[in-house]
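Peer 1: any chance you could fold what I've pasted below:
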Amino acid sequence: MAFISDAAAQSGISASAIRFYDKQGLLPALSRSSGGTRVFGAEELERLQHIHALKQAGFSIEEIKWLLNSRAPAERKLSFVEEKQALLQAALEVLAQKEAALRAALPAPQPPKKKTVVKIKPKHSN
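Peer 2: Coordinates of the predicted model:
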């Protein structure tokens, strides 16, 4: 059993983001203590990791909610994920083309100028 600060530390997700995910319905089975504090078990911590991975992959909150809460067949969910992956791959290709165009537009880097080092001999006082 963990509280929100523990869940945040273990998942790498901020406590405010966890609260947001809870309000958005991404943590429907989350229980609360008698004082109203969110309580996280192993299943909720694992679900947080899934949410975080999907968010990092570019899925919207609504898409994540559908993927995690929908009773749609696994094949349909997999197809949806593959479509998203294809869109992300296309976006990567566009970004690579833009990067190449930017690099071509920039002047070639100049080699660094050689610095002259002057050694100063200390004066000896006798």
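
Peer 1: name the strands paired with the helix or strand bottoming out on mean pLDDT in the chain and say parallel or antiparallel.
Peer 2: Scoring the helices and strands of the chain by mean pLDDT, DSSP states H and E places strand 31-32 at the bottom, with a mean of 86. Sheet pairing of strand 31-32 (DSSP bridges) gives strand 38-39 (antiparallel).

Peer 1: now do the buried residues in the longest helix seen in the chain.
Peer 2: Longest helix in the chain, counting residues (DSSP state H): helix 74-105. Residues of helix 74-105 classed as buried by neighbour count (16 or more other CB atoms under 10 Å): 80, 84. For glycine as for every other residue, the C-beta is placed from the backbone atoms N, C-alpha and C.

Peer 1: list the helices and strands that helix packs on?
Peer 2: Contacts defined by 3 or more CB pairs under 8 Å, 6 or more residues apart in numbering; DSSP states H and E place helix 74-105 against helix 61-69.

Peer 1: my guess is residue 18 meets residue 4, correct?
Peer 2: Yes: the criterion here is CB atoms under 8 Å, and residue 18 meets it with residue 4 at 5.8 Å.

Peer 1: overlap in contacts of those two?
Peer 2: residue 38 (CB atoms under 8 Å, 6 or more residues apart in numbering).

Peer 1: okay, these two: which has more neighbours?
Peer 2: Neighbour tally, residue 18 and residue 4, criterion other CB atoms under 10 Å: the higher count belongs to residue 18, 24 against 19.

Peer 1: could you check how far that one is from residue 44?
Peer 2: Distance of residue 18 to residue 44, computed by CB to CB, to the nearest Å: 10 Å.

Peer 1: got any residues that touch both of the two?
Peer 2: Overlap of the contact sets of residue 18 and residue 44 (by CB under 8 Å, 6+ apart) consists of 7, 27.

Peer 1: now for the residue lying closest to residue 88 once chain neighbours are set aside, how many residues are close by?
Peer 2: For residue 88, ignoring the flanking residues on the chain, the nearest one in space by CB to CB, 6 or more residues apart in numbering is residue 58 at 5.8 Å. Using other CB under 10 Å, residue 58 has 12 other residues around it.
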